[in-house]
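A.B. asks: With the sequence up front, the predicted model follows.
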Amino acid sequence: MEIDKKIILKLIQALEDLKRSLKGIEIDKNDDSIEEEIETSGIVIKSPIVGTAYLAPEPGGKKFVEVGNKIKKGDTIMIVEAMKTMNHIPSTSDGIVKEICVEDGQPVEFGQKITILE
């Protein structure tokens, strides 16, 4: 595949023009989502892996935790399935479940807030 030098020169010129037009304008480089800007009171438990969150050990089964449950450090709060492996996600501290931030079967990302404890 041959790259046309004229196209590259036009792109470089367009970028330089854009750079000149933005001179003196401060660009916010903060990529944090608005959701994380909101103050959350309590202990936030985040997903340690990427996968699919399951709130119960089997479909239709009793959920590991529900809002208002008192849990201890190490208790399983949900399962995150990744690559056909069921990973039990433990609580990182003692507390009362204030909010469950994911739905059953929802995909989760690394570091995504999954539960909030009081």
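C.D. replies: Ah, there it is.

A.B. asks: thought residue 80 was touching residue 90?
C.D. replies: No. Between residue 80 and residue 90 there is no contact under C-beta atoms under 8 Å: 11.3 Å. C-beta here means a position set from N, CA and C on the backbone, and glycine is covered the same way.

A.B. asks: Let me see the residues that make contact with stretch 94-111.
C.D. replies: 42-43, 46-56, 65-73, 77-78, 80, 112-118 (C-beta atoms under 8 Å, 6 or more residues apart in numbering).

A.B. asks: Using PyMOL, define a selection of the buried residues within those residues.
C.D. replies: Here is the PyMOL command that picks out the buried ones among these, judged by 16 or more other C-beta atoms under 10 Å:
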select buried, resi 43+47+51+53+54+55+65+71+77+78+80+112+113+114+115+116+117
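
A.B. asks: So what's the gap between stretch 106-118 and the chain middle?
C.D. replies: Once both centres are worked out by C-alpha atoms, centre = their mean, to the nearest Å, stretch 106-118 turns out to sit 6 Å from its chain's centre.

A.B. asks: can you give me the end-to-end distance of it?
C.D. replies: End-to-end distance for stretch 106-118, by C-alpha to C-alpha, to the nearest Å: 23 Å.

A.B. asks: Please pull out the lowest mean pLDDT helix or strand from the protein.
C.D. replies: Taking all helices and strands of the chain together, the one with the lowest average confidence (mean pLDDT, DSSP states H and E) is helix 34-37, at a mean of 48.
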